[in-house]
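Enquirer: dropping a prediction and its sequence here:
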Amino acid sequence: MPTLYAFVTGPNGSGKSQLLYALGDPETWWQDAETGLEHRRVVVDDTLDVDLICAIDAARFDQLLQIPQRDLLGYIVMIDSTDPDSWHEARVMIANCRGYARLPMVIAANKQDLPGAYAPEQIGAWLGMETMMQVCGCNATDPQSARNVLLQLLYAVNQEFDRLDTLIAELEKLSAQSESES
Ligand SMILES: Nc1nc2c(ncn2[C@@H]2O[C@H](COP(=O)(O)OP(=O)(O)OP(=O)(O)O)[C@@H](O)[C@H]2O)c(=O)[nH]1
Ligand SMILES: [Mg+2]
């Protein structure tokens with residue numbers, strides 16, 4: 001079965017494992033000691049599944065480089081909204097992902113349920129937003145909220161495809177025009 005991947009990253013304790021865990025049943029969540037990866041498999045249908053993967057050692061990015069770019073949908077970056085001291089590290093992680101492949105990214109401003117959590121907009125402003133990057137609030141202990149983060153990423157991926165459709169249609173129109181003129 002073809003598998004597409006989403007790479008989940010973020011500083012220690014930001015809630016990566018919690019997010020993966022909340023996204024389904026224990027049977028489709030596992031840790032692989034050999035590769036150092038934590039997985040959550042989301043089965044789309046019998047022709048496709050999406051594997052959310054996260055380095056057990058948050059500082060590692062070598063596993064990301066093993067995923068062929070064409071199999072990678074995008075990134076989820078978990079951020080502890082109550083811990084601004086960790087945001088610098090998150091920014092480096094964002095740059096690492098973008099350096100590998102420029103793909104849609106959802107920044108999950110996690111732990112919104114805790115007192116003192118900064119708002120997603122404040123975190124977005126601090127990080128500096130770029131294209132194909134969006135911030136959404138999250139409480140990874142709540143499955144509904146965890147699902148919303150994945151949905152936001154899938155919407156963003158879908159939108160990129162839509163944009164390609166638009167571009168293709170435009171180029172086709174131009175080609176047809178210049179053909180009819182010649
Ligand atoms: N209140 C609250 N607690 C959370 C939330 N997300 C995660 N936690 C808790 O924060 C702690 C750290 O979460 P983890 O999911 O282990 O964080 P991690 O990013 O996997 O951490 P490392 O694997 O050490 O890098 C755990 O005790 C979680 O239960 C949240 O949205 N709200
Ligand atoms: Mg973890």
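Expert: Arrived safely, thanks for sending. Ligands and ions are numbered 1, 2, ... in the order given.

Enquirer: how long is stretch 113-133 from one end to the other?
Expert: Taking CA to CA, to the nearest Å, the first and last residues of stretch 113-133 lie 23 Å apart.

Enquirer: for stretch 8-16, same thing?
Expert: First-to-last residue span, stretch 8-16, CA to CA: 7 Å.

Enquirer: buried residues, that stretch. List them.
Expert: For stretch 8-16, a neighbour-count test (16 or more other CB atoms under 10 Å) marks 8-11, 14-16 as buried. Placement of C-beta: from N, CA and C, glycine included.

Enquirer: tell me how far that stretch lies from the chain's centre.
Expert: Averaged C-alpha coordinates place stretch 8-16 at 12 Å from its chain's average position (CA atoms, centre = their mean, to the nearest Å).

Enquirer: what about the helix or strand harbouring Leu171, near ligand 1?
Expert: Taking DSSP states H and E as the criterion, Leu171 maps to helix 143-181. No. Figure legend: helix 143-181 not in contact with ligand 1 (CB under 6 Å from any ligand atom); closest approach 7.5 Å.

Enquirer: picking that back up, closest one of the buried residues of stretch 8-16 to ligand 2?
Expert: Lys16 (5.0 Å; CB to the ion).

Enquirer: what about that closest one, distance to ligand 1?
Expert: Lys16 sits at a distance of 4 Å from ligand 1 (criterion: CB to the nearest ligand atom, to the nearest Å).

Enquirer: return the residues of this protein in contact with ligand 1.
Expert: So the chain meets ligand 1 at 10, 12-18, 58, 78, 110-111, 113-114, 139-141 (CB under 6 Å from any ligand atom).

Enquirer: please list which of those are also close to ligand 2.
Expert: 16-17 (CB under 5 Å from the ion).

Enquirer: now, which of the residues of the chain next to ligand 1 lie within strands?
Expert: 78, 110 (DSSP state E).

Enquirer: in helices, which of the buried residues of stretch 8-16 appear?
Expert: Secondary structure assignment by DSSP state H places Lys16 of the buried residues of stretch 8-16 in helices.

Enquirer: could you dump the buried residues of stretch 8-16 to a markdown table with pLDDT?
Expert: Listed next are these as a markdown table, based on pLDDT from 0 to 100:
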| residue | pLDDT |
| --- | --- |
| Val8 | 98 |
| Thr9 | 98 |
| Gly10 | 98 |
| Pro11 | 98 |
| Ser14 | 98 |
| Gly15 | 98 |
| Lys16 | 98 |
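
Enquirer: residues near the residue in the chain that ligand 2 sits nearest to, how many?
Expert: Per CB to the ion, Ser17 is where the chain lies closest to ligand 2, at 3.2 Å. Residues near Ser17, counting by other CB atoms under 10 Å, number 18.

Enquirer: contacts only, for it.
Expert: 38, 54 (CB atoms under 8 Å, 6 or more residues apart in numbering).

Enquirer: what's the answer for the one 3 residues further on, then?
Expert: For Leu20, the contact set (CB under 8 Å, 6+ apart) comprises 8, 29, 38-40, 52, 54.
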